[in-house]
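Undergrad: missing the sequence, but the structure's below:
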């Protein structure tokens with residue numbers, strides 16, 4: 001499976017080899033998501049939002065946004081800053 005994002009405020013989750021997305025994530029209050037990163041343990045993935053927040057989603061069955069895990073306090077509006085995790089998954093950069 002892989003994740004694709006676009007400037008029109010949607011996230012698509014694809015199954016490898018199928019031409020149809022298996023999950024379509026879109027919300028009227030959602031901003032554009034230019035970059036994502038998978039956690040090393042492959043249980044979660046993070047999405048850098050253009051509203052100066054990093055949102056965390058479950059990477060297993062439902063691909064649901066985890067509302068309690070939102071990282072705020074940085075400024076990236078207008079820039080597609082990439083995010084990554086440390087090899088042990090303890091830190092996000």
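TA: Cool, the structure landed. Computed from a predicted structure; not experimentally measured.

Undergrad: end-to-end on stretch 63-81?
TA: 23 Å (CA to CA, to the nearest Å).

Undergrad: which residues touch it?
TA: 13, 23, 25, 34-35, 44, 46, 48, 50-58, 92 (CB atoms under 8 Å, 6 or more residues apart in numbering). For every residue, glycine as well, the C-beta is placed using N, CA and C.

Undergrad: what do you get if the cut-off is 10 Å, keeping everything else the same?
TA: 1, 3, 7, 11, 13, 22-23, 25, 27, 30-35, 44-58, 83, 92 (CB atoms under 10 Å, 6 or more residues apart in numbering).

Undergrad: let me see the ranges of the strands in the chain.
TA: Here the chain has its strands, by DSSP state E, at 2-6, 10-14, 21-26, 35-38, 44-49, 53-58, 65-72.

Undergrad: if you compare these, which one is most tucked away?
TA: Highest mean neighbour count among the strands of the chain (mean count of other CB atoms under 10 Å): strand 44-49, with a mean of 21.

Undergrad: great, nothing more from me.
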